[in-house]
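Chemist: Below are the sequence and a predicted model; questions follow.
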Amino acid sequence: GRDGCRTPMVWEAGAENGGFSAGKPWLPVPPSHRARAVDVQEGEDGSVLAAYRSMLALRKRHPALIAGSIRFLGAEGDVLAFIRQRENENLLCVFNFAGEPANWTLPAEISDVEITVLAVDVAGVLGGVLGETALALPPVGYFVGRIG
């Protein structure tokens, strides 16, 4: 079932209901979730919390990621690729959702355009490596770069 992903957010490992509420939540907080509480992850460079914070900071720095248009690019398998554009900013975003490495061939429209890497290794989540004609993505890796 879906209950495992619908449990309350665990803010404090040692608090009643994980610090989610003083009341009784709809679902209980599993003991295994307490190890991933926000207060446990605070200050850990490789934590999920650190990765979220880094990605949110990247988003705040680039208006195209907040309110830009989106244009999906061709990709196969578990790769998702798109361009976010707002005013003079064009960002290439490519994600590999597979547990195996993936290669994504740059489309002709951007293969000859300079791409500046914006995010490489966010809190231990490895970024892709840009080649002349393709992007090598690690398992569950990503790439964000400025086009032009």
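Modeler: Perfect, thanks for sending it. Numbering: from 1, shown residues only.
Chemist: Roughly how far does the most centrally placed residue in the chain sit from Gln85?
Modeler: Ranked by distance to the mean C-alpha position of the chain (CA atoms, centre = their mean), the top residue is Met55 at 6.3 Å. Separation of Met55 from Gln85 (CB to CB, to the nearest Å) stands at 19 Å. C-betas here are computed from N, CA, C, even on glycine.
Chemist: ok, now Arg34?
Modeler: Counting by CB to CB, the gap from Arg34 to Gln85 is 42 Å.
Chemist: mind checking how far the helix or strand containing the residue nearest to the centre of the chain is from the chain centre?
Modeler: Using DSSP states H and E, Met55 sits within helix 48-61. Centre-to-centre, helix 48-61 and its host chain are 8 Å apart (CA atoms, centre = their mean, to the nearest Å).
Chemist: just checking, what packs against it?
Modeler: helix 38-41, helix 63-67, strand 115-119, strand 121-122 (3 or more CB pairs under 8 Å, 6 or more residues apart in numbering; DSSP states H and E).
Chemist: Compute the inter-axis angle for the third one and helix 48-61.
Modeler: In this case it means strand 115-119. Strand 115-119 and helix 48-61 meet at an angle of 140 degrees, taking axes from the mean of the first three to the mean of the last three CA atoms, to 10 degrees as the criterion.
Chemist: Show me what strand 115-119 is packed up against.
Modeler: helix 48-61, strand 142-147.
Chemist: what about dumping the CA coordinates of it to PDB?
Modeler: C-alpha atoms of strand 115-119 as PDB (Å, rounded to 0.1, in the frame of the first residue of the first chain):
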ATOM      1  CA  ILE A 115      26.600  24.900 -21.900                       C
ATOM      2  CA  THR A 116      27.800  26.100 -18.500                       C
ATOM      3  CA  VAL A 117      27.400  23.500 -15.700                       C
ATOM      4  CA  LEU A 118      25.400  24.900 -12.800                       C
ATOM      5  CA  ALA A 119      25.000  21.900 -10.500                       C
END
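Chemist: which residues are contacting that strand?
Modeler: Residues outside strand 115-119 that contact it (CB atoms under 8 Å, 6 or more residues apart in numbering) are 54-55, 58, 62, 91-92, 127, 130, 142-147.
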